[in-house]
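Colleague: Would you be able to build a 3D model of this:
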Amino acid sequence: MVAALLVMVSPPALATVGSDDYPYRDAAVDRTDPWGFLTRECTSFVAWRVQHDLGVWDFNNHYRGGRFGDARDWA
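Modeller: Okay, the predicted model is just below:
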């Protein structure tokens, strides 16, 4: 009974978990996306998920004047 209740009150964003709705999956590689990340890279995908699933719209790739590249370049 508890499990059924949890499913009924789950946020709508969870319905898209596992779906391939990333809007730049067929875009040219390494073009700038709306957040300043490169399309078809993991950082762009995560930016899309943060906006789409969490509803966070006010962020970009210009933290303290720097830019975040591909995750393999992060410290």
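Colleague: what stretches of the chain score poorly on pLDDT?
Modeller: Using pLDDT under 70 as the threshold, the predicted model of the chain has low-confidence ranges 1-18, 63-66, 69-75.
Colleague: switch to 50 and redo it
Modeller: Scanning the chain for pLDDT under 50 picks out 1-12, 15.
Colleague: where along it do the helices fall?
Modeller: Ranges of helices in the chain, per DSSP state H, are 2-8, 42-54.
Colleague: So which other helices or strands are in contact with the last one?
Modeller: With contacts defined as 3 or more CB pairs under 8 Å, 6 or more residues apart in numbering; DSSP states H and E, helix 42-54 has no helix or strand neighbours. Any C-beta I mention is one placed from the backbone N, CA and C, and that applies to glycine too.
Colleague: Which positions within it qualify as buried?
Modeller: 43-45, 47-49, 53 (16 or more other CB atoms under 10 Å).
Colleague: Format the CA atom coordinates belonging to that helix as PDB.
Modeller: Presented in PDB, the C-alpha positions along helix 42-54 are these (Å, rounded to 0.1, in the frame of the first residue of the first chain):
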ATOM      1  CA  CYS A  42      27.900  15.300 -21.100                       C
ATOM      2  CA  THR A  43      27.800  18.800 -19.700                       C
ATOM      3  CA  SER A  44      25.200  19.900 -22.200                       C
ATOM      4  CA  PHE A  45      23.100  16.900 -21.400                       C
ATOM      5  CA  VAL A  46      23.300  17.600 -17.700                       C
ATOM      6  CA  ALA A  47      22.400  21.200 -18.200                       C
ATOM      7  CA  TRP A  48      19.300  20.100 -20.200                       C
ATOM      8  CA  ARG A  49      18.300  17.700 -17.400                       C
ATOM      9  CA  VAL A  50      18.800  20.300 -14.700                       C
ATOM     10  CA  GLN A  51      16.500  22.700 -16.600                       C
ATOM     11  CA  HIS A  52      14.000  20.100 -17.800                       C
ATOM     12  CA  ASP A  53      13.700  17.900 -14.800                       C
ATOM     13  CA  LEU A  54      14.500  20.200 -11.900                       C
END
